[in-house]
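**Q** attaching a predicted model along with its sequence, questions to come.
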Amino acid sequence: MTEEPYRWLEAITNRREYIEDQLTPGLPVVALSAEPGILLLTARTSTPKLFEIYDHLALGTVGHPADIEKVRQTVIDAAHVDGFTRSPNDVTARRLVSYNLAPALKTAFEQIFAAPLLFRGILAELGATSAADYLWRLDYDGSFSAQSGAELAHGVVISGPRQVSKDWIGQTTKPTLERHDLKAAAFSALRVLVWAKLRGTKDQGMEFANVPTTVPELKEKLGGEGLEAAFLDRSLLGKPIAYRMPSSDELGL
């Protein structure tokens, strides 16, 4: 009996290593708060990674498509229950993360005899001003952290390799990104996206200052089938839906 806690800890450690290995190939997602709203940007894949959650909430994800769909449906259901039983103004990222997403992810992670959820995400909440925006980073084990206000000047990154996000947070010289309009925000987000992809692969020591500064070079470095973007439009806040998918012309990419 005395060995059981140690066996459980060993099983949890093995589970964490397995999940991290499975998430490692996942392409990064960048979220950036700008004057016009919140932009989420990632490399396009065969399955979507960016989703509308509620009127002013969006989700960016890394992981297995089936597990992403489970998490997406969980948070959508919780948001609509809150909106129906209380009011749309009571639907906040803080409530959804603290009372729904984090407990569900933690429970799934600790059930060692069931398949784990391969998931990492950003939940974005649009405010009346950029100072009131929130970006919540979520992980498969239920851990989470929030960024708001001046912290968002550097953007938020999630990636398959967890270390990439830590590297971005821990940069000694954090770049203050251009965010005065949508095109400036999109260009800044694209540079961060390229940095995150390269940081997680061959150019692990790349500094942000060395990332290319032209769109063609950035797209060449990114490769793949183009970009997937979602935008929480501040001009639509208070209307039925602030979430939309901007065109490449709007983004200037």
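**A** Alright, I've got the coordinates.
**Q** tell me if I'm right that residue 96 and residue 74 touch.
**A** No - in terms of CB atoms under 8 Å, residue 96 does not count as a neighbour of residue 74; the distance is 9.3 Å. Quick note: C-beta positions are derived from backbone N, CA and C, even for glycine.
**Q** list residues touching both of those two?
**A** In terms of CB atoms under 8 Å, 6 or more residues apart in numbering, residue 96 and residue 74 are not both contacted by any residue.
**Q** what about the two, which has more around it?
**A** Set residue 96 next to residue 74 and count neighbours by other CB atoms under 10 Å: residue 96 wins out with 25 against 15.
**Q** in a helix, the more buried one, correct?
**A** Yes - counting by DSSP: H, G, I helix; E, B strand; the rest coil, residue 96 is found in a helix.
**Q** now residue 190. Nearest residue, chain neighbours left out?
**A** Among residues not flanking residue 190 along the chain, residue 218 sits closest, at 5.2 Å (CB to CB, 6 or more residues apart in numbering).
**Q** once you drop chain neighbours, what's closest to residue 82?
**A** residue 91 (4.8 Å).
**Q** show me the contacts for the one you found.
**A** Going by CB under 8 Å, 6+ apart, residue 91 touches 54, 55, 57, 79, 82, 83.
**Q** separation between it and residue 72?
**A** Distance, residue 91 to residue 72, using CB to CB, to the nearest Å: 15 Å.
**Q** can you pull out the helices in the stretch 51-200 of the chain?
**A** Taking DSSP state H, counting those that start in this stretch to define them, one finds helices in the stretch 51-200 of the chain at 65-85, 93-96, 102-110, 162-169, 182-199.
**Q** of these, which is nearest residue 149?
**A** Shortest distance between residue 149 and the helices of the stretch 51-200 of the chain, using CB to CB, is found for helix 93-96: 14.4 Å.
**Q** neighbouring contacts of the closest one?
**A** Residues from elsewhere that reach helix 93-96 (CB under 8 Å, 6+ apart): 53, 57, 75, 78, 79, 82, 123, 124, 125, 134, 136, 146.
**Q** go again using 7 Å as the cut-off
**A** 57, 75, 78, 79, 82, 123, 125, 134, 136 (CB atoms under 7 Å, 6 or more residues apart in numbering).
**Q** before we move on, what about stretch 163-178?
**A** Residues from elsewhere that reach stretch 163-178, judged by CB under 7 Å, 6+ apart: 28, 32, 153-155, 157-159, 184, 187-188, 196, 199-200, 208.
**Q** including neighbour count, could the contacts of helix 93-96 go into CSV?
**A** Shown next, in CSV, are those (neighbours: other CB atoms under 10 Å):
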residue, neighbour count
57, 25
75, 24
78, 19
79, 22
82, 20
123, 25
125, 25
134, 21
136, 25
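**Q** among these, show me the least confident.
**A** Ranked by pLDDT, the contacts of helix 93-96 bottom out at residue 82 (88).
**Q** quick check, that one in contact with residue 89.
**A** No - counting by CB atoms under 7 Å, residue 82 stays clear of residue 89, with 10.0 Å between them.
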